[in-house]
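Student: when you get a sec, could you give me coordinates for this:
(chains A, B, C and D)
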Amino acid sequence: MYITVSVVILVAIAIGLVRAFRGPTLYDRVMAVNMIGTLTVLMVAVLGFMTGRPEFLDIALVYVLISFVSTIAVLRVVNTSNDTTEDSKQ
Amino acid sequence: MMALALDLLSWIFLLAGAAFLLIGAIGVLRFPDFYTRLHAVSVCDTMGAGLVLIGLMLQGGLSLVTVKLLLIFYFMMFTCPTAVHALAQAALQGKLKPVVEDRES
Amino acid sequence: MEHFIDIVLLGLLMITGFAIVRLRSLLAVTMLTSIYSLLSAALFVVLDAVDVALTEAAIGAGISTILMLATIAQTTDREKVPRHTPLLPLIVVITTGAALIYGTLDMPHYGDPDAPVHRHMAAAYLHDTPLEIGVPNVVTSVLASYRGYDTLGEVTVIFTAGIGVLVLLGYHTRRQNIQPPGIKKIVVLRVIAKLFLPLILLFALYILLHGDYGPGGGFQAGVIFATGFVLYALAFGLGNAQRLIPQRLLHSLAAAGVLIYAAVGIEVMLLGGKFLEYRVLADDPVTGQHLGIMLIELGVGITVAAVMLIIYFGFVSRQSSGDS
Amino acid sequence: MSKLRHTLNLALFLFATWLLLSGHYTPLMLALGLLSTLLVVVLVTRADLIDQENQPILIKPSVLFYWLWLGREIYRSNIDVAWRILHPALPISPNIITVHAGQKTELGRVTYANSITLIPGTVTMDVDEDTLIVHALTQAAATSLKNGDINRRVCDIEDIF
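Tutor: The predicted model follows:
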């Protein structure tokens, strides 16, 4: 059963990857990273239960905090560099 | 008997959560512009994550594991909207024009 | 069934790798690198390498993304299109790859219980750790005690990297202005950062001190600690962050961590043991090991946190002074 | 005086978090936990971040009621948005509205803004003093937000922050 949930999460991650590749704007990619971050947190938590090792939850906690800070950091940098809709020109 | 019911309930939560995660991901793929996609991310962050975590809490029972899951849940309810808001704000300042329609469904 | 997850994750990693090669916008590439880190961390979790997964989460998805972006902000965000033909590099890469794959043919299969490493090294570590060190997390005992020299070397490498960045980027002691423009606009971030800064710092200390029991230790804790201050700098401005932790203090802390580590080794020698042989630190060898590991983890944590912040401040303060 | 109380509150909250995280209650670990709490409190005080806003606001009963109410709202709008995502015709009508935030404190306004973002179908795009710019997925979501139900409820719990 945990397997089913992890496989669904993997599918969702794959869909998120498609959005990250396609763009079209940089913000879409940051959004995809953010979503994949959430999905990874859940994946790690589910895997921890699947293998019966609850200390995995520490990793999930770290992910929540770290991925938040890096999303914020990305946005601050992106808005100081002016070329934000990079790929629409290609 | 009680344990079985609890188990069943937790599986329902887990599967429903997984379904919402998938729906959110599909929304991120389908929606037409960046701002509308943010709503799909919200679906993932709130309902998907919430239900999966509640399902796991039911499995964990009354233990420190459940407390940690609660902490993850609590953190997510603060960080996820902040990140989504920061994304929208950054895109707005970056002069990304939202698609606005007046067509009522 | 776990193999299935392995394979899917590896496949996703490969696709991400190809996309990174194809894209020319460096900001987009950084985003994909971050996804790559998240995926590989999930893979490490599946493989039961919890400590590595934690490191990958803290460093790959967190601080290195931030540092790469800081670099891009100062240089350019477009990759130069190479003018030479890619044929020669391609041949070199394919030959090397083929040689490496040929090399793996002689190695034991994945998960083979008869592989030499499982029969000798791993067995010895697993058997001896409870007797000699008394720490539930074997990874910590291996890193901090059995291979303490290695770890000392790694900390020195990080320290050297910090010094290298200081030398290259110059020695900025000029104060940034305390109130950056546009601070009114980020009220949400400011309030949430205020709520989370204490929690992130506490969590870093928890990871540092519980390395004996679960995943964690000095490296990860140092990075998480530094991330907390990065959040503070993002929400309240660089000037405030540098007021909170002055540059001079950071420089001393970076050195202090390495010194603590080495001092433990020398103290042990003065007590009659060999370098980094912690068991003589206390009357009971197991307590001695425990104490030694805790002290050197503390040293590692201090150095890593300080160096990460030195690098971050180095990059970002240069950027904002270039703007004015 | 009240600053001291806030500091003590924060320290208690942090130490409780440590105990819940740790799970190892040996004297050594407890002592280290106290030391860590102390270090964090010193750092946070140095950063001048101690005020009523980093109190553990979750524990008070009326806040808990607000969370439950918000949870129900989140559940409802999730069903709605999920239905729209799966609908072949994609029945959405995105629009942007501005709403007034009636809260007096920054924390109240941020609670309001984040509650709006948490509910799928509405995302706070910008907070400018007491005006919020909100992106709504549908006209219906925009209308229900304009009714000001959330605004009123956040104002109600704001008094006890």
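Student: C-alpha from now on. contacts and neighbour counts both.
Tutor: Noted.
Student: list the helices and strands the lowest-mean-pLDDT helix or strand in chain D packs on?
Tutor: Across the helices and strands of chain D, mean pLDDT, DSSP states H and E gives its lowest value to helix D:149-158, namely a mean of 80. Here helix D:149-158 touches helix D:61-86, helix D:106-118, going by 3 or more CA pairs under 8 Å, 6 or more residues apart in numbering or on different chains; DSSP states H and E.
Student: and residue A:7, that's in a helix?
Tutor: Yes: Residue A:7: assigned to a helix according to DSSP: H, G, I helix; E, B strand; the rest coil.
Student: so how far is residue C:233 from it?
Tutor: 38 Å (CA to CA, to the nearest Å).
Student: please apply the same query to residue C:299.
Tutor: Counting by CA to CA - residue C:299 and residue C:233 are separated by 24 Å.
Student: residue D:60 now?
Tutor: Applying CA to CA to residue D:60 and residue C:233 gives a distance of 31 Å.
Student: buried set for stretch C:140-158?
Tutor: Buried residues in stretch C:140-158, counted by 16 or more other CA atoms under 10 Å in any protein chain shown: C:140-146, C:148, C:151-152, C:155-156, C:158.
Student: export the residues you listed to a markdown table and tack on secondary structure?
Tutor: Output for the buried residues of stretch C:140-158, formatted as a markdown table (three-state DSSP):
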| residue | secondary structure |
| --- | --- |
| C:140 | helix |
| C:141 | helix |
| C:142 | helix |
| C:143 | helix |
| C:144 | helix |
| C:145 | helix |
| C:146 | helix |
| C:148 | helix |
| C:151 | helix |
| C:152 | helix |
| C:155 | helix |
| C:156 | helix |
| C:158 | helix |
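Student: which one among those residues gets closest to chain A?
Tutor: residue C:140 (14.6 Å; CA to the nearest CA).
Student: hang on, the earlier thing: more neighbours: residue D:60 and residue C:233, which one.
Tutor: residue C:233 (19 against 12; other CA atoms under 10 Å in any protein chain shown).
Student: any idea which helix or strand carries that one?
Tutor: helix C:218-236 (DSSP states H and E).
Student: near chain D, anything from that helix?
Tutor: No: if you take CA under 8 Å from any CA of the partner chain as the test, helix C:218-236 misses chain D, and the best it gets is 8.9 Å.
Student: show me what contacts residue C:29?
Tutor: With contacts defined as CA atoms under 8 Å, 6 or more residues apart in numbering or on different chains, the neighbours of residue C:29 are C:20, C:23.
Student: now swap in residue C:234 and tell me
Tutor: So residue C:234 contacts A:72-73, A:76 (CA under 8 Å, 6+ apart).
Student: same question, residue C:17
Tutor: Counting by CA under 8 Å, 6+ apart, residue C:17 has contacts residue C:36.
Student: now it: how far from chain B?
Tutor: According to CA to the nearest CA, to the nearest Å, residue C:17 stands 21 Å off from chain B.
Student: check which helix or strand covers that residue.
Tutor: helix C:2-22.
Student: got the residues of chain D near chain B?
Tutor: D:20-21, D:23, D:74-75, D:78, D:81-82, D:85-86, D:90-96, D:114-115, D:117-126, D:135, D:137-139.
Student: let me redo that: chain A
Tutor: Residues of chain A lying near chain B (CA under 8 Å from any CA): A:1, A:5, A:8-9, A:11-13, A:15-16, A:18-19, A:27-28, A:30-31, A:34-35, A:38-39, A:42, A:46, A:49, A:54, A:57-58, A:60-61, A:64-65, A:68, A:71-72, A:75-76, A:79, A:82, A:84.
Student: ChimeraX command for the buried members of these?
Tutor: Only the buried entries of the residues of chain A next to chain B go into this ChimeraX selection, using 16+ other CA under 10 Å:
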select /A:5,8,9,11,12,13,15,16,18,19,27,28,30,31,34,35,38,39,42,46,49,54,57,58,60,61,64,65,68,71,72,75,76,84
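Student: so which of the residues of chain A next to chain B reach chain C?
Tutor: Counting by CA under 8 Å from any CA, the members of these near chain C are A:30, A:58, A:65, A:72, A:76.
Student: ok, which pair from the residues you listed is furthest apart?
Tutor: Maximum pairwise distance among these (CA to CA): 27.6 Å, between A:58 and A:76.
Student: where does chain D get nearest to chain A, residue-wise?
Tutor: Counting by CA to the nearest CA, chain D gets nearest to chain A through residue D:21 (8.7 Å).
Student: distance-wise, check that residue relative to residue B:77.
Tutor: 19 Å.
Student: Serialize the ones next to chain C among the residues of chain A next to chain B to JSON lines and add fields for distance to residue D:30, secondary structure and pLDDT.
Tutor: JSON lines is the format used below for these (distance: CA to CA, whole Å; DSSP: H, G, I helix; E, B strand; the rest coil; pLDDT from 0 to 100):
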{"residue": "A:30", "distance to residue D:30": "40", "secondary structure": "helix", "pLDDT": "89"}
{"residue": "A:58", "distance to residue D:30": "19", "secondary structure": "helix", "pLDDT": "85"}
{"residue": "A:65", "distance to residue D:30": "24", "secondary structure": "helix", "pLDDT": "88"}
{"residue": "A:72", "distance to residue D:30": "34", "secondary structure": "helix", "pLDDT": "87"}
{"residue": "A:76", "distance to residue D:30": "39", "secondary structure": "helix", "pLDDT": "77"}
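Student: residue B:27: which of these is nearest?
Tutor: Closest to residue B:27, out of all of those and judged by CA to CA, is residue A:30, at 16.0 Å.
Student: burial count for the closest residue to the closest one other than its chain neighbours?
Tutor: Among residues not flanking residue A:30 along the chain, residue C:31 sits closest, at 6.5 Å (CA to CA, 6 or more residues apart in numbering or on different chains). By the criterion of other CA under 10 Å, residue C:31 has 26 neighbours.
Student: let me know the helix or strand that residue C:31 is in.
Tutor: helix C:26-46.
Student: any idea of the mean pLDDT in that helix?
Tutor: Helix C:26-46 shows a mean pLDDT of 88.
Student: and that helix, how far out from the chain middle?
Tutor: Offset of helix C:26-46 from its chain centre (CA atoms, centre = their mean, to the nearest Å): 15 Å.
Student: coming back round to it: also near chain C: which of the residues of chain D next to chain B, exactly?
Tutor: Checking the residues of chain D next to chain B against chain C (CA under 8 Å from any CA), the matches are D:21, D:114, D:126.
Student: now these as JSON lines including pLDDT and neighbour count?
Tutor: Formatted as JSON lines, these follow (pLDDT from 0 to 100; neighbours: other CA atoms under 10 Å in any protein chain shown):
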{"residue": "D:21", "pLDDT": "83", "neighbour count": "19"}
{"residue": "D:114", "pLDDT": "88", "neighbour count": "24"}
{"residue": "D:126", "pLDDT": "85", "neighbour count": "24"}
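Student: quick one: what helix or strand has the residue of chain D closest to chain A in it?
Tutor: Per DSSP H and E: helix D:2-22 holds residue D:21.
Student: then the helix or strand just after that helix to CSV, C-alphas only?
Tutor: Downstream of helix D:2-22, the next assigned helix or strand under DSSP H and E is helix D:27-46. C-alpha atoms of helix D:27-46 as CSV (Å, rounded to 0.1, in the frame of the first residue of the first chain):
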residue,chain,number,x,y,z
PRO,D,27,20.6,13.9,31.8
LEU,D,28,23.3,14.7,29.2
MET,D,29,20.8,15.2,26.4
LEU,D,30,18.5,17.3,28.6
ALA,D,31,21.4,19.5,29.6
LEU,D,32,22.5,19.9,26.0
GLY,D,33,18.9,20.8,25.1
LEU,D,34,18.8,23.5,27.7
LEU,D,35,22.1,24.8,26.4
SER,D,36,20.8,24.8,22.8
THR,D,37,17.7,26.7,23.8
LEU,D,38,19.8,29.2,25.6
LEU,D,39,22.0,29.7,22.6
VAL,D,40,19.1,30.2,20.3
VAL,D,41,17.4,32.6,22.6
VAL,D,42,20.6,34.7,23.0
LEU,D,43,21.0,34.8,19.2
VAL,D,44,17.3,35.7,18.6
THR,D,45,17.6,38.4,21.3
ARG,D,46,20.7,39.8,19.6
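Student: from residue C:14, how far out is the residue nearest to residue C:24 when sequence neighbours are not counted?
Tutor: Using CA to CA, 6+ apart and skipping residues adjacent in sequence, the residue nearest residue C:24 is residue C:79, 5.2 Å away. Distance, residue C:79 to residue C:14, by CA to CA: 21 Å.
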